[in-house]
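**Q** return a 3D structure for these sequence lines:
(one chain, ligands or ions: 1)
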Amino acid sequence: MQEQNKQMEKIISLCKQRGFIYPGSEIYGGLQNSWDYGPLGVELKNNIKNLWWQRFVSSRDDIVGIDAALIMNPKVWEASGHISEFNDPLVECKKCHERFRADHLEKNKCLNCGGEITESKQFNMMFRTYLGPVDDGENQVYLRPETAQAIFVDFKNVLQTSRQTLPFGIAQMGKAFRNEITPGNFIFRTREFEQMEIEYFIKEEDWEKHFDKWAKEMHEWIQSVGIDKKKIHELDVPKDELAHYSKKTIDFEFDFPFGRDELYGLAYRTDFDLKNHEKNSGENTKYRDQESGEEFWPHVIEPSLGVDRTVLAVLCSAYHEEDDRVVLKLKPEIAPYKAAVFPLMRNKPELVELAQKIYKDLREKFVIAWDDRGNIGKRYYSQDQIGTPFCITIDFDSLDDDTVTVRDRDSMKQERISIAELEAYLRDKSQYLSTSIYVQTN
Ligand code: ATP
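**A** Residues are numbered from 1 along each chain as shown. Predicted structure coming up:
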C-alpha cells in the first residue's frame, strides 16, 4: 500500500509540475480538496468529454443532448427524493471531533486518533444557496447534485422537439455538487465535480436486455479512453445498499493506487423519476406510443460517469516509469498535445523558420507544442512526461528534401515523413476528432 501511495504522490506531483491539475485557491492555503485544471489538464479533460460526446451523442441516431441550468426549481429535488433521501451517515469522533462517513469506517473507531465515535445521523449532501437578494427559506435553492434530473424534467420538451421513439437516450455533461463529508484522494472525491450521464428510455419488459447492452458499452468506452481494463471490476450492488430509485446497479470499480473504488455506475432507475415528476408537477410526463396510442412512463437505464474520476483512472493507467524516463502513455485521441515541433538547433534561423512554418500550419488543425530549449533528448523527456504522442524534428536534411523526423512516444522509434504528409499522418495516428465537436466547459 505504501508503494501505491507513493505512486499517487508521484502522479499528483507530475500533475502540478506540468500544469495538469493544481490545488484550488492555493495562494490562500487551498480549500479542502478542491482542484483546478491547468493548461494541459483542461485539454485532457475536454478531449475526454469530446470523445464521450462523439461516441454516445454525435455519432448515434438514438441519443440527443441537453445542457440545462445548474440551479433548478427546488421542487425538482422534492420529486426526485433528494431532499428526503440524499443523505450520508455522519459520525463524529468524541475525542478529536473529526467527522467521517460512517460507511467509510471499517471499525467503529476514529480514523484519525482511534477515539470513540458518536451515533450516526443523516446528513443531506445538497449544497444550499439563495436565489436573489433575500436569503430566507422561501428563496432557498440547491446546486444540482447530479446531471440526471434535468433530463427527466426536460423529457417532454426533448420528446416534442426531437421526434425520438423508444428506445432512445438523452445525454448531459456538466458540473454537479455534493457536500461530501470527507472529500479526498486527489480528484477522486471532491465537492464540485463533473458528470457525463445518459438516461436511456426503454419499455419495461426490455430492461434486462438494455442493461446488459449498456454494461458492454461501458466496457468498450473504458477501453477506448485508455483505462487499464485489467484494473476494472464489476460490483453488483447488494439490494440493501441500492439508491432509493434503483432496482439494480452495477458499480464499475477501478484499482486506484489508494485502493479499489467506484469509477462509474450503471443503474436501472425504473420509471421512478418520470412518475414522480408527473405526480409533483401535475404535468403529463408520459410517452405516447405512435402506433398503439398507448401512454406510459418509459423505464430508464442510466450509465453515469464521473469526468474527474475518468481523468484520474486515465492518468493512473497511463503513468509509466521506464529506465530513464517517465512517460504518460495516453491514447493519442485524448493527449493534450497531438505533437510537438522542434527545430534541431535554436540558433540556426533557417531551421527555426521552417519549423515555425510547420508548427503554425499544424496548429490550425491540432493542439501542438513548440519546444526549442535544451537538446533533443531533454525535449523528448519533457514531452514524454506529458504524453505527447509524436515529436517532429526539423533538421538540415529537411531544408533539402522536405522531410522531417517523427519520433513515436511509446516505441521511441523514428521515421522520416514528408512535410506534406504530416497532417494526414497525425490525423490517422491520433484518430483526431473534428474540432467542430461540442465542447462544454462549465
Ligand atoms: P460514491 O459511492 O463514491 O460516493 P456514488 O455512488 O454516490 O459515489 P453516483 O451518485 O452513482 O456516485 O454518481 C455517479 C458518478 O459520479 C460516480 O460513479 C462518480 O464517477 C461520480 N462522482 C460521484 N460523486 C463524486 C465526487 N464526490 N467526486 C467526484 N466524482 C464523483
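**Q** could you pull out the strands in the stretch 51-200 of the chain for me?
**A** For the stretch 51-200 of the chain, the strands defined by DSSP state E, counting those that start in this stretch cover 63-65, 87-92, 99-101, 121-124, 128-130, 140-142, 168-177, 192-202.
**Q** let me have the ones you listed in a markdown table, extended by mean neighbour count.
**A** Placement of C-beta: from N, CA and C, glycine included. Formatted as a markdown table, the strands of the stretch 51-200 of the chain follow (neighbours: other C-beta atoms under 10 Å):
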| stretch | mean neighbour count |
| --- | --- |
| strand 63-65 | 18 |
| strand 87-92 | 18 |
| strand 99-101 | 17 |
| strand 121-124 | 14 |
| strand 128-130 | 12 |
| strand 140-142 | 17 |
| strand 168-177 | 22 |
| strand 192-202 | 23 |
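**Q** can I get these in a markdown table with mean pLDDT and distance to the ligand?
**A** Shown next, in a markdown table, are the strands of the stretch 51-200 of the chain (pLDDT from 0 to 100; distance: least, C-beta to the nearest ligand atom, whole Å):
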| stretch | mean pLDDT | distance to the ligand |
| --- | --- | --- |
| strand 63-65 | 98 | 18 |
| strand 87-92 | 88 | 8 |
| strand 99-101 | 87 | 8 |
| strand 121-124 | 89 | 13 |
| strand 128-130 | 94 | 17 |
| strand 140-142 | 95 | 15 |
| strand 168-177 | 98 | 7 |
| strand 192-202 | 98 | 4 |
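**Q** mind putting those into TSV with distance to Met345?
**A** Below are the strands of the stretch 51-200 of the chain laid out as TSV (distance: least, C-beta to C-beta, whole Å):
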stretch	distance to Met345
strand 63-65	48
strand 87-92	59
strand 99-101	57
strand 121-124	62
strand 128-130	57
strand 140-142	59
strand 168-177	45
strand 192-202	43
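**Q** to Gln431, which of those strands lies closest?
**A** Relative to Gln431, the nearest member of the strands of the stretch 51-200 of the chain by C-beta to C-beta is strand 192-202, separated by 19.6 Å.
**Q** just checking, what packs against the closest one?
**A** helix 39-53, helix 148-153, strand 168-177, helix 207-224, strand 299-306, helix 307-318 (3 or more C-beta pairs under 8 Å, 6 or more residues apart in numbering; DSSP states H and E).
**Q** so which of those is nearest His97?
**A** Closest approach to His97 among the helices and strands packed on strand 192-202 (C-beta to C-beta): strand 168-177, 24.9 Å.
**Q** tilt between that closest one and strand 192-202?
**A** With axes from the mean of the first three to the mean of the last three C-alpha atoms, to 10 degrees defining the directions, strand 168-177 sits at 160 degrees from strand 192-202.
**Q** buried ones in stretch 6-20, by neighbour count?
**A** Going by neighbour count (16 or more other C-beta atoms under 10 Å), the buried part of stretch 6-20 is Met8, Ile11, Ile12, Leu14, Cys15, Arg18, Gly19, Phe20.
**Q** now the strands for the stretch 201-350 of the chain?
**A** Using DSSP E, counting those that start in this stretch, strands in the stretch 201-350 of the chain cover 232-236, 248-256, 259-270, 287-288, 295-296, 299-306, 319-322, 325-328, 339-343.
**Q** okay, and the beta partners of whatever residue of the stretch 301-442 of the chain ends up closest to the ligand?
**A** Using C-beta to the nearest ligand atom, the single residue of the stretch 301-442 of the chain nearest to the ligand is Gly306, 2.3 Å away. Under the criterion DSSP bridges, Gly306 forms beta bridges with Gln195.
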